[in-house]
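Asks: pasted the sequence and its predicted model underneath.
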Protein chains: 2
Amino acid sequence: MVTIKDVARKAGVSTSTVSRTLSGRIPVDPHTREKVLAAVRELNYQPNELAKGLKEGKTKSMGLIMPNICNPVFPLVSRGVEDTARKHGYTLIICNTDEDPIREMESIQKLRKQWVDGIILAASGRENSHIRELKDSGLPVVLLIRRMEDEVDAVLIDNNASACQAVSYLLETGHRRIAIVNGDRRLPLYRERYRGYIQALKKAGIAPDPGLVLEVTDEDSCYNAVYTFLRSSSDVDAIFAANDLRALEAMRAAKDAGYRIPEDISIMGFDNLQFSPFLDPPLTTVDQPLYQMGQTAADRLLALIEGTASPEPEVRIMKTQLVIRESVKDRTVI
Amino acid sequence: MVTIKDVARKAGVSTSTVSRTLSGRIPVDPHTREKVLAAVRELNYQPNELAKGLKEGKTKSMGLIMPNICNPVFPLVSRGVEDTARKHGYTLIICNTDEDPIREMESIQKLRKQWVDGIILAASGRENSHIRELKDSGLPVVLLIRRMEDEVDAVLIDNNASACQAVSYLLETGHRRIAIVNGDRRLPLYRERYRGYIQALKKAGIAPDPGLVLEVTDEDSCYNAVYTFLRSSSDVDAIFAANDLRALEAMRAAKDAGYRIPEDISIMGFDNLQFSPFLDPPLTTVDQPLYQMGQTAADRLLALIEGTASPEPEVRIMKTQLVIRESVKDRTVI
DNA sequence: CTGAAAGCGCTTACAG
DNA sequence: CTGAAAGCGCTTACAG
C-alpha cells in the first residue's frame, strides 16, 4: 500500500504539504502543488479513509437498517439511498433485521462501532427504546417507512389516508362486502392501513364485519388463508390486500377458488411493484414513491451529517397515488 | 465517546491490559480481568473498529458490487451474503453499477479506500481488466454470477446447460417453433443462455430460425417487443424467456395478442422468483439457488480473508433445477 | 507557504 | 502477568 509518506518522499516535501494539497482547502504554492500531484499520479496514491476517519471522526459511510431486502419494497428504497449516498461520496452498509428488535439493536451497535456517519432506520417497529437511545447519542438518524412522533426525522407515507382512499375507491365502484388481507398487526404500518380500511367503511355508512378481516403474517401462507376464506364465504365482492405481494397471492387463490377477476371479485393492492402492471388482470393498486423515499431520506441524512440543515426534526409525508388498472370492476355501471 | 483510556483509568490498569483482556488471546490475571470487564460494562465501552482496523489492516467489512439491487435476483443473493457476513461479525457494503464498467471501477476504488477486507463482484461483465487488477492487488475477491477462466474464485450456475435443459423440455413436450426472448447479448450470462437454446435445438435436429430470436435489453420494453412479434408471426408454439421478469411480460403480451397460455403458446422462464408460482398460469421455469449462491460466495470470501482455505482459485458451479408448473403444455399427449 | 510535532484510538513487540 | 513506547496513516494547530 502506498502511503502519504511515500508521496511526500517522492515529491520532496513533508506529509503535511501533501495532505494540504489534497485537501484543497488550504493554500499551497502552485509549484509544490504540481510536484505533489505528479507524485500522487505516479504512485497511484489512494488516501486511507480509515486513517482519515480516525482523525476526523467520520468515515463517509452510512447505514441502512431494514427488515428484509427481499421484501420487494426495499430494493427500490435502498437503491434510492445508495444512489444519493454515492453521489456525495458516501458508501452504504445494509443490515437485515427481520423485524427483530434484538437484531435492530445489534445492527445499530455494529454500525456505531464502525463509525458510520449516520443511520437510516426502516424499522416497522414494535420497539422504540433503542431508537430514542440512538437519537440521544447524537448520531444523525432518519426513520424511513415509520415515524416516532415528531421527535426524530422521518420520511414515510400516510398509510391511513392512502388505505382509506383505496377502499373508498372500492366503495365508489359499488363494492359492499370488502375483505381485507392485512399483515402483522403488531406493526404500525399494517395497523394504519387497517385503520384506513375501517375509516372508509364507516364514512360510507357500512358497519365493519370482523368476518371479513384476514391477518396474514409473513410466515403464513397468504394463498392458503385466502383460498380457505373464499371457499367458505360466498358474498365477498372485493379484497383489499395490504400489499401487492399479498394481492398477487390473493388473486391466485381467488382464481383457484373459482372466482373470475374482476367479474366475480375485485382485487386492490398496495405498493405498485414492478410486476403489478403485468399481472392478469393488471393490478389496481396504490403507488408508493419508494425510490424517492430512499433519496429523500438519504438527502436529509446527508444534510444532518454535514450540518447544512437545521437539526429541527422534520417529518416528510410523501404522496401516494391510486393507480387504476383492471383488477377492480366498476359495479355501478349496468 | 468512551475510549480505551477511560476504561483503563476506571479499572486502574494500562490500556495495554484492557486491550489484552478484550482480545482474549493473551493471558491476563483473572482478578485484573474482572476489574477491566466491570469497567467495560459500567462505561458501556465500544471499541472503535476504525482504530483497530488502522492498526490491524482490516475492518471486518466486505463489499458486494452488483448491477442493480432492483434486478430481482439480487435481493436474495445479497441477503445470503449479508446473513453469513453478519454471522461472522462482518458488515456488508453494497454498490450498484448498472453494468457500467466505469462505475464498477469506481466502486472497487471506493471500497479499497475504505479498506474492506474483501469484495464479492457480481459483474455480468463486458470488461475484465479491472477484475484482473483487483485480483492482482491481493485483496480477496470472489466473482458471483460470472467467472473469469479459472484465475479467480467464482460461484455461479451453468447457464448454458440449464438453458439447454429448459429448451429440451420444451422440445420433449412437443414444441417445434420455440422463440427466445433474450437479454443483452453483450453480457456473458445471456450469451450462454442463448447458446444453450441453440444447442438444444441442434441436438433435436432443428435448424435455429433467426426470426425467432428477440433480444431485449433492460431499457427496452419487453412487453412491446413480444407483442409486436406475436402479432406478426403466427406459428410460434413456445417462448423461452431468459429470465422470469421477461417471462412475466411475455405472458402479458401473449395474452393481449390473443393467445391462451399454455393452450396456444407455452412460456418457459428462468430464475424462479418469489412471484412465479402465483402467475396465471403458474410459471414453469429454472430454479436458481440464489440465496445459497450468496452464502457460498460469502463463505468463500471469508475463508480467503481469514486464511482458513487454500488460496487456490475455486470455481463453484451451483445446481439448477427445472420447476414444472403450468405454463408449458405437453403437446405430445392427444 | 511549509515543516515538525502531536494526536485520533487502538494493538503489539519489548522490557521487566 | 503488566506497563511504557512505538506505530498504523492521516490531519491540523503551532511555529516559523
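Replies: Alright, I've got the coordinates.
Asks: run the chain-centre distance for stretch A:86-104.
Replies: When distances are taken as C-alpha atoms, centre = their mean, to the nearest Å, stretch A:86-104 is centred 11 Å away from the chain's centroid.
Asks: measure it end to end?
Replies: Start-to-end span of stretch A:86-104 (C-alpha to C-alpha, to the nearest Å) is 24 Å.
Asks: go on, stretch A:105-122?
Replies: Stretch A:105-122 stretches 13 Å from its first residue to its last (C-alpha to C-alpha).
Asks: now do it: distance to the chain's middle.
Replies: Between the mean C-alpha location of stretch A:105-122 and the chain-wide mean there is a distance of 16 Å, by C-alpha atoms, centre = their mean.
Asks: quick one, what contacts the closest residue to A:S19 other than its chain neighbours?
Replies: Here the nearest residue to A:S19 in space, its sequence neighbours aside, is A:I4; by C-beta to C-beta, 6 or more residues apart in numbering or on different chains that works out to 6.5 Å. From N, CA and C alone the C-beta is placed, and that goes for glycine too. Shown in contact with A:I4 (C-beta atoms under 8 Å, 6 or more residues apart in numbering or on different chains): A:15, A:18-19, A:45, A:47.
Asks: wait, does the worst-scoring helix or strand of chain A on mean pLDDT contact chain B?
Replies: For chain A, scoring each helix and strand by mean pLDDT, DSSP states H and E identifies helix A:129-136 as the least confident one, at a mean of 84. No: judged by C-beta under 8 Å from any C-beta of the partner chain, helix A:129-136 makes no contact with chain B; its nearest approach is 10.6 Å.
Asks: buried set for that helix?
Replies: Buried positions in helix A:129-136, judged by neighbour count with 16 or more other C-beta atoms under 10 Å in any protein chain shown: A:130-131, A:134-135.
Asks: can you list contacts of that helix?
Replies: Under the criterion C-beta under 8 Å, 6+ apart, external residues in contact with helix A:129-136 comprise A:101, A:104-105, A:108, A:119, A:121, A:123, A:125, A:141, A:143, A:148, A:151-152.
Asks: using TSV, lay out those residues together with neighbour count.
Replies: TSV is the format used below for these (neighbours: other C-beta atoms under 10 Å in any protein chain shown):
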residue	neighbour count
A:P101	15
A:E104	23
A:M105	18
A:I108	25
A:I119	22
A:L121	29
A:A123	25
A:G125	22
A:V141	22
A:L143	24
A:M148	19
A:E151	15
A:V152	19
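Asks: so which of those are in strands?
Replies: Using DSSP state E to define strands, the subset of the contacts of helix A:129-136 located there is A:119, A:121, A:141, A:143.
Asks: relative to chain B, which of those is nearest.
Replies: Here the nearest of the ones in strands among the contacts of helix A:129-136 to chain B, counting by C-beta to the nearest C-beta, is A:I119; it sits at 12.5 Å.
Asks: does the closest one touch A:L139 like I think?
Replies: Yes: in terms of C-beta atoms under 8 Å, A:I119 counts as a neighbour of A:L139; the distance is 6.4 Å.
Asks: circling back: just the buried residues of the contacts of A:I4.
Replies: For the contacts of A:I4, a neighbour count by 16+ other C-beta under 10 Å gives the buried set as A:18-19, A:45, A:47.
Asks: show me what from chain A comes close to DNA strand C.
Replies: Near DNA strand C, the residues belonging to chain A are A:13-17, A:20, A:26-29, A:31-33, A:51, A:54-55 when assessed by C-beta under 7 Å from any atom of the strand.
Asks: tell me if I'm right that A:T320 and A:V286 touch.
Replies: Yes: between A:T320 and A:V286 there is a contact under C-beta under 8 Å: 5.2 Å.
Asks: who touches both of these two?
Replies: With contacts defined as C-beta under 8 Å, 6+ apart, the residues adjacent to both A:T320 and A:V286 are A:162, A:165.
Asks: which ones are touching the residue of the stretch 151-300 of chain A found nearest DNA strand C?
Replies: Across the stretch 151-300 of chain A, no residue is closer to DNA strand C than A:V152, which sits at 25.3 Å (C-beta to the nearest atom of the strand). Applying C-beta under 8 Å, 6+ apart, one finds that A:V152 lies in contact with A:131, A:135, A:141-143, A:313.
Asks: please parse chain A into its domains.
Replies: Following automatic domain parsing, one finds the domains of chain A at A:4-47, A:58-157+A:290-318, A:159-288.
Asks: any idea which of those gets closest to DNA strand D?
Replies: Closest to DNA strand D of the domains of chain A, according to C-beta to the nearest atom of the strand: domain A:4-47, at 2.9 Å.
Asks: one step back: pLDDT value on the residue of the stretch 151-300 of chain A closest to DNA strand C, please?
Replies: Taken from the predicted model, the pLDDT recorded for A:V152 is 90.
Asks: I'd like to know how far the nearest residue to it once chain neighbours are set aside sits from A:E263.
Replies: Closest residue to A:V152 apart from its sequence neighbours, by C-beta to C-beta, 6+ apart: A:K135 at 5.0 Å. In this structure, A:K135 and A:E263 are 51 Å apart, going by C-beta to C-beta, to the nearest Å.
Asks: hmm, which two among the buried ones among the contacts of A:I4 are most spread apart?
Replies: Using C-beta to C-beta, the buried ones among the contacts of A:I4 span at most 11.5 Å, a distance reached by A:S19 and A:Y45.
Asks: quick check, A:F229 in a helix?
Replies: Yes: assignment of A:F229 by DSSP: H, G, I helix; E, B strand; the rest coil places it within a helix.
Asks: in stretch A:275-290, which residues are buried?
Replies: Across stretch A:275-290, burial judged by 16+ other C-beta under 10 Å covers A:275-281, A:283-290.
Asks: so what's the gap between it and the chain middle?
Replies: Taking the mean C-alpha point of stretch A:275-290 and that of its whole chain, the gap between them comes to 18 Å (C-alpha atoms, centre = their mean).
Asks: endpoint to endpoint, that stretch covers what distance?
Replies: Taking C-alpha to C-alpha as the measure, stretch A:275-290 stretches 15 Å from start to finish.
Asks: and stretch A:12-31 with DNA strand D, contact?
Replies: Yes: in terms of C-beta under 7 Å from any atom of the strand, part of stretch A:12-31 sits within range of DNA strand D, namely A:15-16, A:18-20, A:22-23.
Asks: closest to DNA strand C out of those residues?
Replies: Set against DNA strand C, the nearest of the residues of stretch A:12-31 next to DNA strand D by C-beta to the nearest atom of the strand is A:S16 (3.4 Å).
Asks: burial of the closest one, as a residue count?
Replies: 11 (other C-beta atoms under 10 Å in any protein chain shown).
Asks: per-residue confidence for it?
Replies: The per-residue pLDDT reported for A:S16 equals 91.
Asks: give me the element it is part of.
Replies: Here A:S16 sits within helix A:15-23, counting by DSSP states H and E.
Asks: run through the neighbouring helices and strands of that helix.
Replies: When contacts are defined as 3 or more C-beta pairs under 8 Å, 6 or more residues apart in numbering or on different chains; DSSP states H and E, helix A:15-23 sits against helix A:4-11, helix A:30-43.
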